[in-house]
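Asker: Build me a structure from this.
(chains A and B)
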There are 2 protein chains.
Amino acid sequence: VHRQNLAELQREIDQLHPADIAHILESLPQEDRQSIWNLVKSDRDGEILLEVSDAVRESLLAEMDTPEILAAAEQLDADELADLAEDLPEDVLYTLMQRLTAEQRERVQSAMAWEEDQVGALMDFDMVTIREDVSLEVVLRYLRRLKEIPDHTDKLFVVNGDNLLTGVLPVRWLLVNDPARNVSEVMAADANTFHPEDDVTETAQAFERYDLVTAPVVDGEGKLIGRLTIDAMVDVIREAGEAEALSRGGLREGEDIFASVWRSVRNRWLWLAVNLVTAFIASRVIGLFEGSIEKLVALAALMPIVAGIGGNSGNQTITMIVRAFALDQISPASAKRLLRKELGVALINGVIWGGVIGIVAWLLYGNPALGLVMTLAMTLNLLLAAFMGVVIPMGLLRMDRDPAMGSSVMITALTDSGGFFIFLGLATLFLI
Amino acid sequence: VHRQNLAELQREIDQLHPADIAHILESLPQEDRQSIWNLVKSDRDGEILLEVSDAVRESLLAEMDTPEILAAAEQLDADELADLAEDLPEDVLYTLMQRLTAEQRERVQSAMAWEEDQVGALMDFDMVTIREDVSLEVVLRYLRRLKEIPDHTDKLFVVNGDNLLTGVLPVRWLLVNDPARNVSEVMAADANTFHPEDDVTETAQAFERYDLVTAPVVDGEGKLIGRLTIDAMVDVIREAGEAEALSRGGLREGEDIFASVWRSVRNRWLWLAVNLVTAFIASRVIGLFEGSIEKLVALAALMPIVAGIGGNSGNQTITMIVRAFALDQISPASAKRLLRKELGVALINGVIWGGVIGIVAWLLYGNPALGLVMTLAMTLNLLLAAFMGVVIPMGLLRMDRDPAMGSSVMITALTDSGGFFIFLGLATLFLI
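Answerer: Numbers count the residues shown, from 1 in each chain, chains lettered A, B, ... in the order given. A predicted model of the protein is given here:
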């Protein structure tokens, strides 16, 4: 009976799309994942390995032996192999490369030569190229002889004898134009082209802006070397959002939810360590004023409010600015204007919310001066948060670092320590 | 000379892609934005209004009079009009609807009837439909007569006399197969189809998973009513990431970076108010222990560390779980396993980091018991954070609410108040 069920399950798995199998594998704990993985026909292993998340791919590869990995890799194109290559053990990769044709090996190596965030790492080689001096009729006949046209092909690439890209012919135009006309009359000469060294985030934005499905990749001389497709760009857009969410949440990378406890501890420790350091600094700032707190213990209860609201307000500013940077909406000329606006917002919020909490503190502790110090400290900390909320991301950008990463930790550290210092300092000056 | 420059600028604008003009408008302060907008030819107003962000669209529409808006709207398709409709003044919308043909009006109204997060609101009507009992040759001739095929068309929709969808014919297959064959022999009968009431996020995931460029939308009976394209899905993916980033950063919606100070204050006040309330509650928890703090002022300096690390650790857990939910990787069966894992991670982190900070506290204040209380409080607060980090998003989901929104505020509020309570409570029990 058990064997019958297995056969049944095997049949069902065989009918599933590789992306669906990948999803099932990601949703299963280690042991079950391994049992299902063993049921997958080995000629499908390759495509499924490409679909699963990095963390799950590692867990699957760890249990495969060399012949299994080689068999899986055999089904893949050069650009797909390059994606997989970095997760493979070095000896397996070496054997694999030996087995490729020279052209394939060159393609894998050239794709691996580019950084993960460069167009060269994401391009494929599934191009249909045509000459411009033939008629559409000839193109149609040529395509028919191909038997299969690559996925996503919405345009044909027009090249000359030197493989220089001279234009693109959208398939839509091929279909509606008179077959007697020449490619050169119908094609678009000014296509959106990309270079292998281009940044993928900007390239994905271009795909989005101009509603592209595919685009040619050319080298410095204008020679056609590869193709980008929208599905690779969708991955870039999705991953950019995820990387930001992960880093904001304090994770180094996406976690396999069924990873071992130790693996998770490793993925999270760096962030906790950074926060421990910043929290310790804030704690020492408070330590400076222990004498004041001893005399007026209400300060201890009120100080986290000043720090907390400052952190929140600073994060609002940073979120807005990081987003505007990502959309390329900020120029140096607008920086000053932005700073003025953020300081204005901080001042209003400080007076309103600082006023509210000042009155509450006054009523709670029957001390109007304490309320006034509270309002003043809130306002000053919000101004600090606004100033730093503009300056930190601009500074990170000027240092060529991604302002989305780390700016939130920095602003929180500053508004914590700053808030404690401002509030306790003012209290020491005016109340003690 | 000034007029000559203007004419020059006008010419340059006329040559730009509408998406590029939209981007320029978004990057300009109000006054400059208005001057450029006035230079845009009125027959391009419509497409540009569709490209700009919501906040900027509002600012542009606010300065246009009724005839201008009507002229802009005239250039748009029904599905595009429906996108614009909600931002239009009611009288303008009424006049506009009167001018449409009955078919167009019905399409606009049906598109507007769906919620923003339903497929019906995102579909267009640019479908090319064919019959299954004709040869590919006939299809090719039919397409040639169309003169223009809609953007993104990668497949033709095959319908019968009742407009029931019976299959799809990828253009790639049309091109490589023998023209004498019938559509029915070549088409794919089991296409990915969607319904107008489907959730757009899940639909976008399906587009991503199956690498779709377009897909038919059918009603309950299987009749073809519209089409989805990858560019609309890319917007969904982009916006999902943005909405999460905005809500995490405490903004209600995307801000026009050049919005007035008052507008920004309004966009941000709700979040600040919520945080003021949670900070106030934490402050009152500290208030309970003012007597203890008076006796041992070191507690005031150390307590923010316990609260802060708890908040960070809880946010790590929540980030991982919210992401796994979004990818649909968590089943009720795996909830218990996850909880066990997170509690394990918390225990290890508590012992390690709590131990480190406990030793530091001991050395700093020369009080080994204080160090021990610190370690114990850290560990307990991390366990609380892990428990709540699993329970809160699961609870929000069970109440059919989006776990990405609000769970971060809740966990921070709990680990703040909880951390103060645990640390000061333990200190009061063992040290005072």
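Asker: near chain B, which residues of the stretch 301-432 of chain A?
Answerer: A:301-305, A:307-309, A:312-313, A:315-316, A:318-321, A:323-324, A:327-331, A:334, A:337-338, A:341, A:344-345, A:348-349, A:353, A:356-357, A:360, A:364, A:416, A:420 (Cβ under 8 Å from any Cβ of the partner chain). The C-beta positions use only the backbone N, C-alpha and C, and glycine is treated the same way.
Asker: Just the buried ones from those residues?
Answerer: Neighbour-count burial within those applies to A:301-305, A:307-309, A:312-313, A:315-316, A:318-321, A:323-324, A:327, A:329-330, A:334, A:338, A:341, A:344-345, A:348-349, A:353, A:356-357, A:360, A:364, A:416, A:420; the criterion is 16 or more other Cβ atoms under 10 Å in any protein chain shown.
Asker: quick one: contacts of the strand or helix carrying A:Tyr94?
Answerer: According to DSSP states H and E, A:Tyr94 maps onto helix A:90-99. For helix A:90-99, contacts defined as Cβ atoms under 8 Å, 6 or more residues apart in numbering or on different chains pick out A:Thr66, A:Ile69, A:Leu70, A:Ala73, A:Glu74, A:Leu81, A:Ala85, A:Leu88, A:Arg105, A:Val108.
Asker: One more: stretch A:36-55?
Answerer: Against stretch A:36-55 from outside (Cβ under 8 Å, 6+ apart): A:6, A:9-10, A:13-14, A:18-19, A:21-22, A:24-26, A:28, A:57, A:60-61, A:63-64, A:68, A:71-76, A:80, A:83-84, A:87, A:253-256, A:259.
Asker: Same question for stretch A:384-393.
Answerer: Taking Cβ under 8 Å, 6+ apart as the rule, stretch A:384-393 contacts A:310-311, A:313-318, A:321-322, A:325, A:335, A:338-339, A:342-343, A:345-346, A:403, A:407, A:410-411, A:414-415, A:418-419, A:422.
Asker: And the strands in chain A, which stretches?
Answerer: If you assign secondary structure with DSSP state E, the strands in chain A sit at A:129-130, A:155-159, A:165-170, A:214-218, A:224-229.
Asker: okay if I get those strands as TSV plus mean pLDDT?
Answerer: Below are the strands of chain A laid out as TSV (pLDDT from 0 to 100):
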stretch	mean pLDDT
strand A:129-130	96
strand A:155-159	97
strand A:165-170	96
strand A:214-218	96
strand A:224-229	95
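Asker: Mean neighbour count and distance to chain B added to those, as a markdown table?
Answerer: Shown next, in a markdown table, are the strands of chain A (neighbours: other Cβ atoms under 10 Å in any protein chain shown; distance: least, Cβ to the nearest Cβ, whole Å):
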| stretch | mean neighbour count | distance to chain B |
| --- | --- | --- |
| strand A:129-130 | 17 | 12 |
| strand A:155-159 | 24 | 10 |
| strand A:165-170 | 20 | 9 |
| strand A:214-218 | 24 | 10 |
| strand A:224-229 | 23 | 8 |
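Asker: For these, please prepare JSON lines with the additional fields distance to B:Leu100.
Answerer: Formatted as JSON lines, the strands of chain A follow (distance: least, Cβ to Cβ, whole Å):
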{"stretch": "strand A:129-130", "distance to B:Leu100": "42"}
{"stretch": "strand A:155-159", "distance to B:Leu100": "34"}
{"stretch": "strand A:165-170", "distance to B:Leu100": "30"}
{"stretch": "strand A:214-218", "distance to B:Leu100": "35"}
{"stretch": "strand A:224-229", "distance to B:Leu100": "37"}
